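Engineer: structure for this input, please:
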Amino acid sequence: HHFAHLLAERGAQVILTARRGTLIAEAADKIRSNGGTALALVMDVTDERAVANAFSTAESQLGTINVVVNNAGIVIAEAAVDIDQSQWERVVDTNLKGVWLVSREAGRRLARSKCGGSLINVASILGLRVAKGVSSYAISKAGVIQMTRALSLEWARYQIRVNAIAPGYILTDFNREFFDSGAGDDTIARIPQRRIGATSDLDGAIVLLASEASAYMTGSVIVVDGGHLNSTL
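Structural biologist: This is a model prediction of the structure:
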């Protein structure tokens, strides 16, 4: 939601996608009420056909999609010895396969259009370091980072830039209860800036990578974490 509003405010025609249509429809309505252009499409990133259909619908209404933000992701907190196959597949299918399917579809269409573009993958600092109890998430995000680098190498010839941001802990509806309750105080204490990030803290990285200001950047991973990766072990 935040990225969609951010880019719409800067003149982008925005397509929001998700498995559930109600919330993205509301977000698209709000963007339009503020004078922007927005389209809401139901799409499951793990379904190859759904991804292709969503791109086709979006292109028929707004033209070639030249900026993609791969932001779909889930986490299941479970010890590595206890996580079952279905849980593992849910995480990896959404966080890694989903990024692959959307990126591949975007890459194919951008290569045909010869107009270039920018893919922005939302990874995580857990793709660069690890924490207990979220092995499937960390592994999937490490895969996203390596995918970013691999695709950037292959697609540079088409003027398609592929970069990633690696956020630290950002306050969202998924973790708000944990951090508001004080249970996350130990986590915050390990962040050098001594605070959890806000979604607005990602604005600079997203706008940079979505715009021509990053024209000579591809395969880059921008860490936005309040210094968390540099904290002592």
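Engineer: which parts of this structure are helices?
Structural biologist: For the chain, helices defined by DSSP state H occupy the ranges 2-9, 21-33, 48-62, 85-92, 98-113, 135-155, 176-180, 185-189, 203-210.
Engineer: possible to save those helices as a markdown table with mean neighbour count, distance to Glu78 and mean pLDDT?
Structural biologist: No exception for glycine: its C-beta is placed from N, CA and C like everyone else's. Compiled in a markdown table, the helices of the chain are given as follows (neighbours: other Cβ atoms under 10 Å; distance: least, Cβ to Cβ, whole Å; pLDDT from 0 to 100):
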| stretch | mean neighbour count | distance to Glu78 | mean pLDDT |
| --- | --- | --- | --- |
| helix 2-9 | 19 | 28 | 97 |
| helix 21-33 | 16 | 26 | 96 |
| helix 48-62 | 15 | 27 | 97 |
| helix 85-92 | 14 | 6 | 97 |
| helix 98-113 | 19 | 20 | 98 |
| helix 135-155 | 20 | 8 | 98 |
| helix 176-180 | 13 | 16 | 87 |
| helix 185-189 | 12 | 18 | 90 |
| helix 203-210 | 19 | 30 | 98 |
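Engineer: among those, which is nearest Thr232?
Structural biologist: The minimum distance between Thr232 and the helices of the chain falls on helix 185-189, with 11.7 Å, by Cβ to Cβ.
Engineer: go ahead and name everything in contact with that closest one.
Structural biologist: Tyr169, Phe179, Arg194, Arg195, Ile196 (Cβ atoms under 8 Å, 6 or more residues apart in numbering).
Engineer: wouldn't the first one be in contact with His228 here?
Structural biologist: In this case it means Tyr169. Yes - between Tyr169 and His228 there is a contact at 7.2 Å, judged by Cβ atoms under 8 Å.
Engineer: hey, what's in contact with both of these two?
Structural biologist: In contact with both Tyr169 and His228: Ile191, using Cβ under 8 Å, 6+ apart.
Engineer: before we move on, back to that, how about the helices of the chain in CSV, adding distance to Asn121?
Structural biologist: What follows is those, written out as CSV (distance: least, Cβ to Cβ, whole Å):
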stretch, distance to Asn121
helix 2-9, 13
helix 21-33, 20
helix 48-62, 15
helix 85-92, 15
helix 98-113, 6
helix 135-155, 5
helix 176-180, 24
helix 185-189, 24
helix 203-210, 10
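Engineer: mind checking how far Leu208 is from Leu202?
Structural biologist: 10 Å (Cβ to Cβ, to the nearest Å).
Engineer: Ala40 too?
Structural biologist: When Ala40 is compared with Leu202 (using Cβ to Cβ), they lie 22 Å apart.
Engineer: what residues sit buried inside stretch 33-44?
Structural biologist: Judged by neighbour count (16 or more other Cβ atoms under 10 Å), stretch 33-44 contains these buried residues: Gly36, Ala38, Leu39, Ala40, Leu41, Val42, Met43, Asp44.
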